[in-house]
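**Student:** Okay, here's the prediction I keep looking at, along with the sequence it came from:
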Amino acid sequence: MADAAREAWITGIGIVSCLGEGMDAHWQGFNSGHPQADATTYAPYIIHRAPPLDLDKQISKKGDQRQMEPWQRLGTYAAGLALDSAGIKGQAEILSRTDMIVAAGGGERDLAADSAILSGLPGAANPEAFLNERLMSDLRPTLFLAQLSNLLAGNISIVHGVTGSSRTFMGEEAAGVDAVRIAVSRIHAGQSEIALVGGSYNSERPDLLMMYEFGGYNLKDKFAPVWQRQHNPGFAMATIGAFLVIESRAHAEARNARRLARLSGVLSDRNRREPGDVTAALERMWDELAGRLAPGSIAILSGATGVSPATAEERDFLARHSDIAVRATGTYIGHGLDAQFPMNVGLAALMLGHGKLYAPADDSGVERPMDGPLKQVVVTSVGHWRGEGLALVEAAP
């Protein structure tokens with residue numbers, strides 16, 4: 001463990017999901033007992049849509065709003081919430097040395113251009129020349145069939161003035177795990193003092209639903225809580241934005257920052273996904289954290305997707321630790337791939353701030369009440385296809 005001065009603290013949280021924006025809305029939403037899933041907009045697929053946002057509150061220039069696609073607007077908005085939460089919004093000096101690590105996908109396709117090209121190709125005299133011409137004339141310079149993944153970081157830098165080092169990781173759930181892991185590792189090593197970390201995901205995209213349907217990953221026809229999808233496996237894609245401000249303890253104390261939680265460890269793994277691999281990977285990472293865990297005051301906040309067989313193997317892992325209360329956030333907010341792990345780390349800090357979990361979300365038996373005070377949360381991430389991770393989040397003293 002790092003020395004006290006190099007501990008990594010969460011000092012800002014900016015989250016947006018179908019439950020609303022900000023920590024209060026999410027605490028109320030998780031305690032409502034009513035998951036908000038949309039089964040009609042893209043039927044038969046189930047998604048979790050974010051509410052309309054007053055973008056002017058975090059992206060003041062209309063021109064900036066117009067040049068972004070929805071995932072960029074959502075991420076830039078959530079980043080602004082995190083900077084506000086940390087008390088550094090608009091502070092040019094500290095923002096100039098705030099590092100940024102973003103987990104992002106390949107961006108959003110221009111469906112109108114795609115459709116026009118596909119419609120024109122069959123009748124083109126020279127299909128190859130037609131394709132090249134249309135790609136050069138129909139797509140904006142920022143596109144390579146989809147948008148550049150680092151446009152989110154660029155827009156955050158432009159809108160909010162975050163101009164320290166910048167990194168963008170791609171790789172779905174694993175990208176979110178590594179974004180947080182690298183930020184914490186750099187702080188522990190003395191290579192960074194403060195970082196803005198997170199991502200965003202827009203589920204309201206027919207092209208994505210089609211792509212994941214090819215793999216059989218979508219939840220279809222009827223909503224069910226994450227642990228009750230054995231007979232209808234799949235994830236309900238989420239529109240979410242989640243950013244964290246993470247800084248060294250010494251840096252936070254020097255500026256009198258509010259400390260929301262401590263990030264004591266973040267681990268990642270990747271395997272071939274042979275039967276039993278997920279359970280084994282989670283156990284290996286758990287063993288690395290075990291010496292720091294306090295029985296009776298710990299819970300597990302799961303990023304389980306509902307996809308088979310990954311979720312079944314995570315459930316096997318959880319059964320080995322059945323004395324610990326578990327919650328799967330995906331039942332309430334859906335699954336936001338790249339942004340899911342930063343979101344769940346932020347939600348862990350939220351639960352720790354209240355000193356308790358929300359009530360179980362189903363009667364599967366996986367989730368049970370927790371009576372004691374909550375002081376530690378282990379956040380799990382098991383990618384729908386590849387990649388595993390754990391984080392230990394602890395209450396601020």
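**Tutor:** Looks like it arrived, so ask away. Numbering: from 1, shown residues only.
**Student:** nearest residue to Pro369 other than its sequence neighbours?
**Tutor:** Spatially, and ignoring its direct neighbours in sequence, Pro369 is nearest to Pro360 (6.5 Å; CB to CB, 6 or more residues apart in numbering). C-beta here means a position set from N, CA and C on the backbone, and glycine is covered the same way.
**Student:** got it, and Val177?
**Tutor:** In space, Val177 is closest to Gly389, 3.3 Å off (CB to CB, 6+ apart).
**Student:** quick one: that neighbour from Asp178, how far?
**Tutor:** 8 Å (CB to CB, to the nearest Å).
**Student:** between those two, what contacts are shared?
**Tutor:** Common neighbours of Gly389 and Asp178 (criterion: CB atoms under 8 Å, 6 or more residues apart in numbering): Ser268.
**Student:** the more surrounded of these two?
**Tutor:** Neighbour tally, Gly389 and Asp178, criterion other CB atoms under 10 Å: the higher count belongs to Gly389, 27 against 21.
**Student:** Can you tell me the element the more buried one falls in?
**Tutor:** Following DSSP states H and E, one finds Gly389 within strand 388-395.
**Student:** Can you name every helix or strand that that strand contacts?
**Tutor:** Judged by 3 or more CB pairs under 8 Å, 6 or more residues apart in numbering; DSSP states H and E, strand 388-395 is in contact with helix 172-188, strand 261-269, helix 277-289, helix 340-354, strand 376-382.
**Student:** Touching, the residue nearest to Val177 and Arg270? I think so.
**Tutor:** No. Using CB atoms under 8 Å as the test, Gly389 is too far from Arg270 to be in contact (9.5 Å).
**Student:** Now do the shared contacts for the two.
**Tutor:** Joint contacts of Gly389 and Arg270 (CB under 8 Å, 6+ apart) are Ala174.
**Student:** still on that earlier bit, so what are the sheet partners of the strand holding Gly389 and their directions?
**Tutor:** The pairing partners recorded for strand 388-395 under DSSP bridges are strand 261-269 (antiparallel), strand 376-382 (antiparallel).
**Student:** Which stretches in the stretch 201-350 of the chain count as strands?
**Tutor:** 237-238, 240-248, 261-269, 298-302, 325-328 (DSSP state E, counting those that start in this stretch).
**Student:** which one of these is the most hemmed in?
**Tutor:** Ranked by mean neighbour count under mean count of other CB atoms under 10 Å, those are led by strand 240-248, which reaches a mean of 30.
**Student:** partners of that strand in the sheet?
**Tutor:** Strand pairing (DSSP bridges) places strand 240-248 next to strand 8-17 (antiparallel), strand 194-201 (antiparallel).
**Student:** Domain ranges for this structure, per the record?
**Tutor:** Annotated domains of the chain cover 8-109+145-395, 111-143 [automatic domain parsing].
**Student:** quick one on the thing from earlier: of the strands of the stretch 201-350 of the chain, which is nearest Ala8?
**Tutor:** With CB to CB, the closest approach to Ala8 among the strands of the stretch 201-350 of the chain belongs to strand 261-269: 4.4 Å.
**Student:** Output the closest one as CSV, restricted to C-alpha atoms.
**Tutor:** In CSV, the C-alpha atoms belonging to strand 261-269 read as follows (Å, rounded to 0.1, in the frame of the first residue of the first chain):
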residue,chain,number,x,y,z
ALA,A,261,-13.7,8.0,-0.4
ARG,A,262,-10.3,6.3,-0.6
LEU,A,263,-9.4,4.1,-3.6
SER,A,264,-7.1,1.6,-1.9
GLY,A,265,-6.5,-0.7,-4.8
VAL,A,266,-7.5,-1.4,-8.4
LEU,A,267,-6.7,-4.7,-10.1
SER,A,268,-7.3,-5.9,-13.7
ASP,A,269,-7.0,-9.3,-15.4
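**Student:** so that strand versus helix 172-188, what angle?
**Tutor:** Computed by axes from the mean of the first three to the mean of the last three CA atoms, to 10 degrees, the angle separating strand 261-269 from helix 172-188 equals 120 degrees.
**Student:** Show me what the mean pLDDT comes to for strand 261-269.
**Tutor:** In this model, strand 261-269 has an average pLDDT of 97.
**Student:** what's the answer for stretch 105-113, then?
**Tutor:** Mean per-residue pLDDT for stretch 105-113: 78.
**Student:** With just CA atoms, put it into PDB.
**Tutor:** The C-alpha trace of stretch 105-113 is given here as PDB (Å, rounded to 0.1, in the frame of the first residue of the first chain):
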ATOM      1  CA  GLY A 105     -15.300   3.400 -27.600                       C
ATOM      2  CA  GLY A 106     -14.900   4.200 -31.300                       C
ATOM      3  CA  GLY A 107     -17.500   6.900 -31.200                       C
ATOM      4  CA  GLU A 108     -20.800   7.200 -33.100                       C
ATOM      5  CA  ARG A 109     -21.400   6.300 -36.700                       C
ATOM      6  CA  ASP A 110     -23.100   8.700 -39.100                       C
ATOM      7  CA  LEU A 111     -26.100   6.500 -39.800                       C
ATOM      8  CA  ALA A 112     -27.400   8.800 -42.600                       C
ATOM      9  CA  ALA A 113     -24.100   8.600 -44.500                       C
END
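**Student:** Select, out of the strands of the stretch 201-350 of the chain, the one closest to Ala25.
**Tutor:** Comparison of those against Ala25 by CB to CB identifies strand 240-248 as nearest, at 12.7 Å.
**Student:** okay, the angle between the closest one and helix 340-354?
**Tutor:** 70 degrees.
**Student:** related to what we said a few turns ago, please identify the most buried of the strands paired with strand 240-248.
**Tutor:** Using mean count of other CB under 10 Å, the stretch among those with the largest mean neighbour count is strand 194-201, at a mean of 30.
**Student:** Measure how far that one is from the centre of its chain, please.
**Tutor:** Relative to the centre of its chain, strand 194-201 is centred 9 Å away, using CA atoms, centre = their mean, to the nearest Å.
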